[in-house]
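*Asks:* Whatever this is, show me its structure:
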Amino acid sequence: MRGTLIQVAAALAVLVFLWKAFRLAMDLRAARILREEARRAREAQGQRVVAEVPGPSGELRLLVEDGETFEWAGRRLPRSAVLGCRLLLNGAVMAAAARPGFDLPAPPAPEEYEGRERWDVRIYMRNEEIEVACGTVREGVSREIARAVYDAVTRSFSS
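*Replies:* Residues are numbered from 1 along each chain as shown. Predicted coordinates for the structure are as follows:
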């Protein structure tokens, strides 16, 4: 009798584990479908998705561009108002670019290494600085996101 109870308990534990794994897989699939729909909706409006940037609470935010503006975090950033940008790794400047005639402000001192790579792009506007926090995802994902954002902004200087 005792052996049967152990087998039933083990079977129930396996079923609970399989159910949780199935739910996780379905939640991930649903999130991917929603993300792809949001991307397609933006592209249908004539915008180009530059990068999908991970947010602080795990959501993905889109940096999009069209012929005249960038859109980030619900704000429209006119290309003509973007004066410069920097690609940052843990606060240290990896690359910088600016429109002709605009000098970027002196960079802040790099931060102490925290044991992880944090990639950001700082966009300099006429009256403010916009920080695009590209994340700390390992294996170069955050670096690729930051590079895509930096490249898109610097391309706007030539237009």
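*Asks:* If you tally nearby residues, what's the number for Ala41?
*Replies:* Neighbourhood size, Ala41 [other C-beta atoms under 10 Å]: 10. In short, each C-beta sits where N, CA and C put it, glycine included.
*Asks:* Which pLDDT value belongs to it?
*Replies:* On the pLDDT scale, Ala41 is placed at 83.
*Asks:* Can you name the element that comes right after the helix or strand harbouring it?
*Replies:* Under the criterion of DSSP states H and E, Ala41 resides in helix 2-44. Following helix 2-44 in sequence order, the next helix or strand is strand 48-54 (DSSP H and E).
*Asks:* now the angle between helix 2-44 and that next one, please.
*Replies:* Per axes from the mean of the first three to the mean of the last three C-alpha atoms, to 10 degrees, the angle that strand 48-54 makes with helix 2-44 is 150 degrees.
*Asks:* mind listing what strand 48-54 pairs with, with the direction of each?
*Replies:* strand 60-65 (antiparallel) (DSSP bridges).
*Asks:* what's the strand it pairs with in contact with?
*Replies:* Here strand 60-65 makes contact (C-beta atoms under 8 Å, 6 or more residues apart in numbering) with 35, 38-39, 42, 47-55, 70-73, 79, 132, 149, 152, 156.
*Asks:* now stretch 105-125
*Replies:* Stretch 105-125 is contacted from outside by 77, 81-93, 96, 98, 102, 104, 129-136, 138, 142-143, 145-146, 149-150, 153, using C-beta under 8 Å, 6+ apart.
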